[in-house]
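[1] next comes the sequence, and after it the predicted model I'd like to discuss.
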Amino acid sequence: MDTVTPDEEFIKNPQIPGPTKEEIRCLVMCKSQVSSDDIVADVGCGTGGLTVEFAKRAKKVYAIDKNPEALNTTFKNLQKHELEDRVDLIEADGTEVLDSLPPFNVLMVGGSGGKMDFILKKGYEKLKSGGRIVVTSILLETPLESIKVMKDLGMEVEVVGVSISKGRISERGTMMVAKNPITIVSAKKF
Ligand code: SAH
């Protein structure tokens, strides 16, 4: 598998969330099972943390965000890593655009704006058989809603809670500093 880009190699924008932390990006790549023939729809691309990782591994990525500043930041990060050729940037709400995309193998949802139900149902229609959906969230409500929708769609759902701490090394010793817990919900279409 390709290496995962360190957090400090991303261009950040104080107005845009992300990038998704390196360790979480590892897990998302693992749960999405993305491979070189895959088409990926990344809804809520933010800073492009996950878009960069998908672009390294997939054939084509559609990076979608309703905020033009997010797309700008994602583009800068793709350029920095010479990955912009593999990615189409789409300024739209995830609820509006999934219909117009070709069928995809991976649906990534990193932001839904309270419209998870709609995005997952529309996304499921466009997901190829054997395709995967991955949702990451810092909120509790988002995974609960995602689990319900995915179950109603007949999918087998996996839920992983991730609490990462990173060592801050000083002369006195190493202090473990906690990051926000994240929940990753994923499922496969049969
Ligand atoms: N995974 C990203 C961070 C995502 S932040 C990274 O690693 O960099 C969440 C993003 O979702 C924000 O930029 C927000 O504008 C976007 N978003 C939220 N609801 C959305 C919706 N309904 N459609 C499209 N984008 C949405």
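    Thanks, I have the structure now.

[2] so what touches whichever helix or strand S186 is part of?
    For S186, the host element (DSSP states H and E) is strand 182-188. In this structure, residues lying in contact with strand 182-188 by Cβ atoms under 8 Å, 6 or more residues apart in numbering are 24, 27-28, 31-32, 130-138, 140, 142-143, 146-147, 150, 155-162. Every C-beta, even on glycine, is put in place using the N, C-alpha and C of the backbone.

[3] show me what V61 is bridged to.
    Note on V61: beta-bridge partners V40, V87, judged by DSSP bridges.

[4] that one: neighbour count?
    Each residue near V61 was counted by other Cβ atoms under 10 Å, and the total is 32.

[5] next up, the contacts around it.
    Here V61 is in contact with I39, V40, A41, D42, T51, F54, A55, R86, V87, D88 (criterion: Cβ under 8 Å, 6+ apart).

[6] quick revisit: list buried residues within the contacts of strand 182-188.
    Buried by 16 or more other Cβ atoms under 10 Å: 24, 27-28, 31-32, 131-137, 142-143, 146-147, 150, 155, 157, out of those.

[7] what subset of the contacts of V61 is buried?
    Applying 16+ other Cβ under 10 Å to the contacts of V61 flags I39, V40, A41, D42, T51, F54, A55, R86, V87 as buried.

[8] out of those residues, which comes closest to Q79?
    V87 (10.2 Å; Cβ to Cβ).

[9] so that closest one is in contact with N77, correct?
    No - with contact defined as Cβ atoms under 8 Å, V87 does not reach N77; the gap is 10.1 Å.

[10] give me the common contacts of these two.
    Residues touching both V87 and N77 (Cβ under 8 Å, 6+ apart) are T51.

[11] what strands flank the host helix or strand of V106, and is each parallel or antiparallel?
    Secondary structure from DSSP H and E places V106 in strand 104-109. Strand 104-109 has the following strand partners under DSSP bridges: strand 39-43 (parallel), strand 127-137 (parallel).
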